[in-house]
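*Asks:* okay, here's the prediction I keep looking at, along with the sequence it came from:
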Amino acid sequence: MTLDKHQIDGLPGFKQKTMPANEFENLMGEAGYERVGSGQGQAGRFKIW
């Protein structure tokens with residue numbers, strides 16, 4: 001996802017377009033989100049729910 005084009009509840013707005021996956025996952029965890037599952041997405045991307 002292009003971070004600077006989305007608002008995620010519990011997180012401040014992003015100024016950068018991308019960030020390392022582990023940094024993003026840490027931010028999401030700190031905001032109270034959990035990974036329930038994941039799978040293959042389109043164009044080599046991953047879906048996480």
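*Replies:* Thanks, I have the structure now. Numbers count the residues shown, from 1 in each chain.
*Asks:* quick one: contacts of stretch 30-46?
*Replies:* Ile8, Asp9, Gly10, Leu11, Glu25, Lys47, Ile48, Trp49 (C-beta atoms under 8 Å, 6 or more residues apart in numbering). C-beta: built from backbone N, CA, C; applies to glycine.
*Asks:* which one is the fifth one nearest to, not counting chain neighbours?
*Replies:* Spelled out, that is Glu25. Using C-beta to C-beta, 6 or more residues apart in numbering and skipping the chain neighbours, the partner closest in space to Glu25 is Arg35 (7.5 Å).
*Asks:* the one you found and Phe46: what is the separation?
*Replies:* Taking C-beta to C-beta, to the nearest Å as the measure, Arg35 falls 11 Å from Phe46.
*Asks:* now do Ala21
*Replies:* In terms of C-beta to C-beta, Ala21 sits 9 Å off from Phe46.
*Asks:* for Pro12, same thing?
*Replies:* 24 Å.
*Asks:* also Thr18?
*Replies:* Relative to Phe46, and taking C-beta to C-beta, Thr18 is found at 14 Å.
*Asks:* specify the beta-bridge partners of Lys40.
*Replies:* Careful, residue 40 is Gln; it's not Lys. Phe46 (DSSP bridges).
*Asks:* which parts of the protein are helices?
*Replies:* Remark: helices assigned in the chain by DSSP state H are 21-30.
*Asks:* report pLDDT for the residue of it most remote from its centre.
*Replies:* What lies farthest from the middle of the chain is Ala43; by C-alpha atoms, centre = their mean that is 16.8 Å. Note on Ala43: pLDDT of 84.
*Asks:* many thanks, I have nothing further to ask.
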